Each structure stands twice: as structure tokens, then as C-alpha cells.
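Engineer: 3D, please:
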Amino acid sequence: MKKLEDYRKQIDKIDEKLIKTLSKRFFVVKKIGKLKKKLNLPPLDKKRWNEIIKSRTDLGEKIGLSKNLIKKIYQAIHDYSLKIEKKF
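Structural biologist: As a prediction, this is how the structure comes out:
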């Protein structure tokens, strides 16, 4: 059981890093939202979104992650990012 507890502690630390990284990402998204409003640009940039989804799924596949998993994760991140950008 000690080994299981150790693995769980590792997962907890990784999850904390993921959450902190997401927070940093959304902080930058807020800056983007403000800038897009100032420049009168729409929140959604389809070309950029297509570039992101391609590069992230390619990276995920390269390191052994499911393309579908990466798409789902980034769709959730993108949806939340758009909500943030639309506030401005």
C-alpha cells in the first residue's frame, strides 16, 4: 500500500502543476481578450484554432497520447478561453 500512496502523491503534485499551468494560460487569455477588443477582433480565430488543435494533437501522438483525448482536452480549454475573451 505504501507504493500506491506514493503514486497518488505523485499524481497530486502533477495535478497541482496542471491546475497552476491552466491558471497561467487563462491569465494570458484575458490579456488576449482585452487586446482583441481594443483591436476590434472577434474572440474566435478559426485559423489559429485549427493550428492549435493540429500542433497539440501531433505533439500528443508523438509522445503516445490519444489524439481524441488531446482534442477533448483542448476543446474544453478552448471553450473556456472563448468565454473569457467574450467578456471583454
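Engineer: helix, strand or coil for residue 49?
Structural biologist: helix (DSSP: H, G, I helix; E, B strand; the rest coil).
Engineer: tell me where the longest helix sits in this protein.
Structural biologist: Using DSSP state H, we find that the single longest helix of the chain is helix 2-38.
Engineer: for residue 51, see how far away the residue positioned nearest the centre of the chain is.
Structural biologist: With distances taken as Cα atoms, centre = their mean, residue 77 lies nearest the centre of the chain, 4.3 Å away. Taking Cβ to Cβ, to the nearest Å as the measure, residue 77 falls 14 Å from residue 51. Where you see a C-beta, it was placed from the backbone N, CA and C, and this is true even at glycine.
Engineer: just residue 16 next, same as before
Structural biologist: As defined by Cβ to Cβ, residue 16 lies at a distance of 29 Å from residue 51.
Engineer: and residue 8, by the same measure?
Structural biologist: According to Cβ to Cβ, residue 8 and residue 51 sit 36 Å apart.
Engineer: which of the residues in the longest helix of the chain are buried?
Structural biologist: 29, 32, 33, 36 (16 or more other Cβ atoms under 10 Å).
Engineer: closest one to residue 85 out of these, please.
Structural biologist: Checking the buried residues of helix 2-38 against residue 85 with Cβ to Cβ, the nearest one is residue 33 at 3.6 Å.
Engineer: so the residue lying closest to that closest one once chain neighbours are set aside is in which element?
Structural biologist: Spatial nearest neighbour of residue 33, excluding adjacent residues (Cβ to Cβ, 6 or more residues apart in numbering): residue 85 at 3.6 Å. Element membership for residue 85 (DSSP states H and E) is helix 67-86.
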